[in-house]
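Asks: have a look at this prediction, sequence included:
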Amino acid sequence: MAFELLRRSSADAPHSPTCSSPSSDIGTPGTERSVLFEGTFDASLDNLHNQYILVTGGLGFIGSHTSLELLKSGYNVIVIDDLSNSFRTVFDRVQLLAQRYHTAQGTKCPTIQLHDVDYRNIPALCTLLDAHKTTFPWEATPRSSIIGVIHFAAFKAVEESIRQPLKYYSNNVSGLIDFTSTLGAYGIKNFIFSSSATVYGTVANKGVPLREEHCVHRPETFPGTAELVEQGCTGITNPYGRTKWMCEAILSDLAFSDPEWTIVALRYFNPIGCDESGLLGEDPKGIPTNLLPVVVKVMTGQFDQLSMFGTDWDTPDGTAVRDFIHVTDLARGHIAALATATKGELRENFRTFNLGTGTGNSVTDVVEAMETVSQKPIPRKAVGRRAGDVGSCVAMAGRSQEELKWKTEKTLRDACEDIVNFLRVREEEQKLLQQGQGGVVAEVSS
Ligand code: UD1
């Protein structure tokens, strides 16, 4: 497998969409539809050897699992990740797992490269994009060998966003504007955006499964009725959530203004679990706030007990209900979205999709499932509701099933088993490291 690591200082990131090289020589036909949207750019696996998917935040929890699934599906991957909430070793592990997979299949493993840089560092981005311009003798202007972008890089801590909203608007919203402006200048207009069920705001509390039409950016009629749904949002409870909604709205406007763009916004419900190998997991830097990482801290003795935020919600057991989706299923949703977009099969050039199972489980259900699988008690106490939480948030999964030909395959129990396996593997690795043996990282470099 080819391997590159490009390291740049994020200190020199100017946070401006100005390229170090002029983009005026880059062909961006203004009136035709995207070659990708038309499906004339052959994205079949046979022809992917010199084509790339750019993945920002590709070493984070969801990003790393998606990078792995992209490699398994035959795509070359370019990761941009500044390691602010991820680790360099994750790159080695993704590479190792992809190699193992392709060796077992008897197929050639695609390439993955890492650019250790803030996605807002526009000069660094331009250098990368310049290196991927391809000239064909029969075309006047170069085109990019990057056939699609999956954009994960963003801040995501709800509570922090309430305390530091500008940090969130700057990175998540301003960053997206500069990023897409630059991509557009290079003619790279096939874009998958990491959105969230948070865009449904307090509509989630209505107790009905959430469907994409509950939050739209252009007026639509509700399926099966004449009911008009107007663009906008209802009761988004925190700045993080608003950044996701704003980014979707910006991308919708961009797609409307320029039909060359093909944009998919994937609304994630609650991703949990990890790759079944136990080599990738959810490992946030700093103090975790999401449910499963906190549960893991309790299981490993780093936290005394789990605080269960709110036991008085209008739900069967009083604890909040979420649609917990296995992260490998979620990652595969991106592959399905990419395939649909590159084949030109999206119904509109901006389309939102829920990525969820369609089934809700309560916080208590999750904790009890982890206790059953790990055979360990998880100490917990009931405390008051957390600021910005909603009582229930469950997907209607029909649109993704029908239009992306994707559905979840893994269960809550699978996710718990994979997390327990991840903890076991990590413990064994730590023992090996203490004994001076290299563990998985040694296997990568051998
Ligand atoms: C939130 C966001 C979601 C975002 C995700 C990523 C909202 C409404 N939801 O999801 O969009 O993608 O964060 O960070 O903005 N819980 C406890 N104890 C804990 C931790 C969590 O009881 O120590 C409970 C929470 O109160 C909640 C449930 O577990 O009811 C799930 O929480 P969490 O994993 O943080 O995800 P969400 O809040 O659903």
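Replies: Right, received. Where do you want to start? Numbering: from 1, shown residues only.
Asks: which positions in the stretch 151-300 of the chain make contact with the ligand?
Replies: Within the stretch 151-300 of the chain, the positions near the ligand by Cβ under 6 Å from any ligand atom are 156, 158, 196-198, 237-238, 241, 268, 270, 289-291, 294. In this view, the C-beta of every residue, glycine as well, is placed from N, C-alpha and C.
Asks: run the last query once more with 5 Å
Replies: With the criterion set to Cβ under 5 Å from any ligand atom, the stretch 151-300 of the chain comes near the ligand through 156, 158, 196, 198, 241, 290-291, 294.
Asks: just flag the most distant two among those.
Replies: The most widely separated members of those, counting by Cβ to Cβ, are 241 and 294 (19.9 Å).
Asks: please flag which of the residues of the stretch 151-300 of the chain next to the ligand sit within strands.
Replies: Taking DSSP state E, the ones among those that sit in strands are residue 196.
Asks: most neighbours out of the residues of the stretch 151-300 of the chain next to the ligand, which is it?
Replies: Most neighbours among those, by other Cβ atoms under 10 Å: residue 198, with 26 neighbours.
Asks: distance-wise, check it relative to residue 319.
Replies: 19 Å (Cβ to Cβ, to the nearest Å).
Asks: and what of residue 339?
Replies: Per Cβ to Cβ, residue 339 is found 37 Å from residue 319.
Asks: quick one, helices of the stretch 151-300 of the chain?
Replies: Remark: helices assigned in the stretch 151-300 of the chain by DSSP state H, counting those that start in this stretch are 158-163, 165-168, 175-185, 239-257, 291-299.
Asks: buried stuff in the shortest one?
Replies: Read that as helix 165-168. For helix 165-168, a neighbour-count test (16 or more other Cβ atoms under 10 Å) marks residue 168 as buried.
Asks: so which bits of the stretch 301-446 of the chain are right by the ligand?
Replies: Residues of the stretch 301-446 of the chain lying near the ligand by Cβ under 5 Å from any ligand atom: 308-309, 320, 363, 386, 389.
Asks: now do the lengthiest helix in the chain, average pLDDT.
Replies: Looking across the chain with DSSP state H, the single longest helix is helix 412-434. Across helix 412-434, pLDDT averages out at 94.
Asks: mind listing what's buried along it?
Replies: With burial defined by 16+ other Cβ under 10 Å, the residues of helix 412-434 counted as buried are 412, 414-423, 425-426, 429.
Asks: show me which pair in the residues you listed is furthest apart.
Replies: 412 and 429 (26.0 Å).
Asks: and residue 359, how far is that from the ligand?
Replies: 15 Å (Cβ to the nearest ligand atom, to the nearest Å).
Asks: residue 398 now?
Replies: Per Cβ to the nearest ligand atom, residue 398 is found 21 Å from the ligand.
Asks: before we move on, what about residue 211?
Replies: Distance from residue 211 to the ligand, counting by Cβ to the nearest ligand atom: 17 Å.
Asks: now swap in residue 175 and tell me
Replies: Taking Cβ to the nearest ligand atom, one finds residue 175 at 17 Å from the ligand.
Asks: report the next helix or strand after the lowest-mean-pLDDT helix or strand in the chain in sequence order.
Replies: Counting by mean pLDDT, DSSP states H and E, the weakest-scoring helix or strand in the chain turns out to be helix 35-38, with a mean of 30. Downstream of helix 35-38, the first helix or strand assigned by DSSP states H and E is strand 52-56.
Asks: show me what the following helix or strand past that following strand is packed against.
Replies: Proceeding N to C from strand 52-56, the next assigned helix or strand is helix 61-72, under DSSP H and E. Secondary-structure packing of helix 61-72 (3 or more Cβ pairs under 8 Å, 6 or more residues apart in numbering; DSSP states H and E): strand 52-56, strand 76-80, helix 88-105, strand 146-151, helix 327-342.
Asks: any residue of helix 61-72 up close to the ligand?
Replies: No - residues of helix 61-72 are not located near the ligand by Cβ under 5 Å from any ligand atom, the shortest gap being 9.6 Å.
Asks: return that helix as CSV; C-alpha atoms alone will do.
Replies: The C-alpha trace of helix 61-72 is given here as CSV (Å, rounded to 0.1, in the frame of the first residue of the first chain):
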residue,chain,number,x,y,z
PHE,A,61,-14.4,8.3,15.3
ILE,A,62,-16.8,8.3,12.2
GLY,A,63,-14.1,9.5,9.8
SER,A,64,-11.7,6.6,10.5
HIS,A,65,-14.4,4.0,10.1
THR,A,66,-15.5,5.6,6.9
SER,A,67,-11.9,5.8,5.6
LEU,A,68,-11.6,2.1,6.2
GLU,A,69,-14.8,1.3,4.4
LEU,A,70,-13.8,3.5,1.5
LEU,A,71,-10.5,1.5,1.2
LYS,A,72,-12.3,-1.8,1.5
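Asks: how far does it sit from the chain's center?
Replies: Centroid separation between helix 61-72 and its chain, computed with Cα atoms, centre = their mean, to the nearest Å, is 9 Å.
Asks: kindly report the same for stretch 108-128.
Replies: Relative to the chain's own centre, stretch 108-128 is displaced by 17 Å; criterion: Cα atoms, centre = their mean.
Asks: check stretch 354-365 too.
Replies: Relative to its chain's centre, stretch 354-365 lies at 18 Å (Cα atoms, centre = their mean).
Asks: any idea of the mean pLDDT for it?
Replies: Here the average pLDDT along stretch 354-365 is 98.
Asks: then stretch 437-446?
Replies: For stretch 437-446, mean pLDDT rounds to 55.
Asks: before we move on, what about stretch 109-116?
Replies: In this model, stretch 109-116 carries a mean pLDDT of 97.
Asks: how about stretch 79-95: buried residues?
Replies: For stretch 79-95, by 16+ other Cβ under 10 Å, it's 79-83, 85-86, 90-95.
Asks: now name the helix or strand holding residue 319.
Replies: Applying DSSP H and E, one finds residue 319 in no helix or strand.
Asks: of the buried residues of stretch 79-95, closest to the ligand?
Replies: Nearest to the ligand among these: residue 85, at 11.0 Å, using Cβ to the nearest ligand atom.
Asks: next, the contact list for the residue nearest to the closest one when sequence neighbours are not counted, please.
Replies: Closest residue to residue 85 apart from its sequence neighbours, by Cβ to Cβ, 6 or more residues apart in numbering: residue 285 at 5.2 Å. The contact partners of residue 285, by Cβ atoms under 8 Å, 6 or more residues apart in numbering, come to 84-86.
Asks: next one: residue 285 from residue 60, what distance?
Replies: Residue 285 is 10 Å from residue 60, where distance means Cβ to Cβ.
Asks: mutual contacts of the two, please.
Replies: The contact sets of residue 285 and residue 60 overlap at 85-86 (Cβ under 8 Å, 6+ apart).
Asks: need the nearest residue in space to the residue in the stretch 151-300 of the chain that the ligand sits nearest to, chain neighbours excluded.
Replies: Closest approach between the stretch 151-300 of the chain and the ligand, counting by Cβ to the nearest ligand atom: residue 198, at 3.1 Å. With sequence-adjacent residues excluded and distances taken as Cβ to Cβ, 6+ apart, residue 198 is closest to residue 241, at 3.7 Å.
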